[in-house]
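> Turn this into a model:
(4 chains)
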Number of protein chains: 2
Amino acid sequence: MTWGERASKRFDEAGFRTGAARRQVIELLEGEHCALTALEIDRRLPKVGRATVYRTLEQLEELELVHRVDVGGETTAYERNDPTGHHHHMVCLRCGRLVPFSDQALERAIHGVAGRAEFEVTAHDVLLRGVCPRCQEQS
Amino acid sequence: MTWGERASKRFDEAGFRTGAARRQVIELLEGEHCALTALEIDRRLPKVGRATVYRTLEQLEELELVHRVDVGGETTAYERNDPTGHHHHMVCLRCGRLVPFSDQALERAIHGVAGRAEFEVTAHDVLLRGVCPRCQEQS
DNA sequence: GCTCAAAATAAGAACGAGTCTCATTTTCAT
DNA sequence: ATGAAAATGAGACTCGTTCTTATTTTGAGC
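As a prediction, the model looks like this:
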C-alpha cells in the first residue's frame, strides 16, 4: 500500500470527508522524496487556498502521516512519514537544498543523552548546515 | 575579562563605532545566562529601534560573540558565546524552558557524519524535545 | 575642544510566513 | 435526491523580520 493510499484510509477512519484540495496535497507529497515547505506546496497548487494547505498539513501531522522539519528561521517544511526510516537533514546555506542522512552512532549517542536526562525526551532533531557540492563548485 | 568587555573590544578591532544602542544590547545579553529572542530584547529596550536590535545581533553573530538557537517555528533566539563551551538544548514542549546539555559521544558522531558527507559542513544543531521535570510533576 | 564626513540610529513602512473569518461549495448519511 | 455538516477559497489580519530614509552621534584630523 502506498503512502497516499494509507493517508486516504487514515483520513476516512478518522471520520474526515475527502475533498479535492486534500487529495491534491496528498498527491503532491506522495511524489516528493524529501521535505517540502508549506508555501512551496501552496505555490504548486494555485487552485488550493493557503488556509486549506495549512489546515491539511496540520491534520496530516496529527494523523502522523507527515512530520515537520525545522530548517532554520525561514519557513517550516513537511515530509512524508516513511515507515522505512528515521533520518535527519543537511541544509545548504546558499541554495537551501535539503539532503537526508542517517547514522547509527548518532542515534545511539542521542538515546544515551535522552536516557540520562531529567527531561522525558519524546523527539529530537539534528541539522547540519553547510554548502552542498553543487554550490561549492560555483565558488 | 567579561563577555561584555570582550564584545566591546572585538567591535573596536573590527572597526565599528560604539553607539548607545549597541552598548545596551550588549549589557542586556551580558546579564542573561540562556537564550533571549530578538523581540524579547526589543521589548526590554524600548528606547532602541527594532532595526538596530536586529542589526546589532547580526553583527554580534558575525563576530562570533553570539549564536542563534533554533527552538521551533516561532522566533529566533540568541545566546552569548561562552568560550567554555559548545552545547545543545532540550526544550520543554509545555513551558518552553530551555536547558543546555553537551555530550562527547554525540559530538564525535556528528563530526563523523560531517567528515563523510559531500557537504562542507560548517555548523550543526541538535534539539531534544520533551517535558521538563517541573512540568512532569504537574500532570 | 571644533569640524565634518562617515557610521549609527529611530521610526515606521514594507515584506513574508502563517492564521483567522466567513460566505460558498462539496460531501455523504439518509 | 436532500440537507446538515464538513471542506474549501479568498482575502483580511497578525506577527516576526527586513528595508528605507531622515536624523543624530561618533571620532579622526585639525
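
> how does chain A divide up, domain by domain?
As recorded under automatic domain parsing, the domains making up chain A are A:3-80, A:88-137.

> And the longest one, end to end?
Read it as domain A:3-80. 8 Å (CA to CA, to the nearest Å).

> Now for the residue of chain A found nearest DNA strand C, how many residues are close by?
Using CB to the nearest atom of the strand, the single residue of chain A nearest to DNA strand C is A:Ala51, 2.9 Å away. (Glycine included, C-beta is placed from N, CA and C.) For A:Ala51, the neighbour count with other CB atoms under 10 Å in any protein chain shown is 10.

> So it belongs to a strand, correct?
No - counting by DSSP: H, G, I helix; E, B strand; the rest coil, A:Ala51 is not found in a strand; it is helix.

> who's in contact with A:Leu45?
For A:Leu45, the contacting residues are A:21, A:24-25, A:28, A:53, by CB atoms under 8 Å, 6 or more residues apart in numbering or on different chains.

> from these, which two are the most distant?
A:Ala21 and A:Leu28 (10.9 Å; CB to CB).

> Where does A:Thr84 sit: helix, strand or coil?
Strictly by three-state DSSP, A:Thr84 counts as coil.

> And it, its phi and psi?
Recorded main-chain torsions at A:Thr84 are phi -70, psi -20, according to degrees, to the nearest 10.

> if you look at stretch A:81-98, does any of it touch chain B?
Yes - judged by CB under 8 Å from any CB of the partner chain, stretch A:81-98 comes into contact with chain B through A:90, A:92-93.

> residue ranges for the helices of chain A, please.
A:3-13, A:20-30, A:38-44, A:50-62, A:104-116, A:133-137 (DSSP state H).

> Counting neighbours, what do you get for the closest residue to A:Phe119 other than its chain neighbours?
Of all residues not flanking A:Phe119 in the chain, B:Gly130 sits nearest, at 4.2 Å (CB to CB, 6 or more residues apart in numbering or on different chains). Around B:Gly130 there are 21 other residues, counting by other CB under 10 Å.

> nearest to A:Arg97, of the helices of chain A?
helix A:133-137 (7.5 Å).

> Quick check: buried residues in stretch A:114-124?
A:114, A:117, A:119, A:121, A:124 (16 or more other CB atoms under 10 Å in any protein chain shown).

> typo on my end, it should be stretch A:17-29
For stretch A:17-29, by 16+ other CB under 10 Å, it's A:21-26, A:28-29.

> pLDDT on it, on average?
For stretch A:17-29, the mean per-residue pLDDT is 95.

> does any part of it sit near DNA strand D?
Yes - contact of stretch A:17-29 with DNA strand D (CB under 7 Å from any atom of the strand) involves A:17-23.

> and DNA strand C, which of those residues reach it?
A:17-20.
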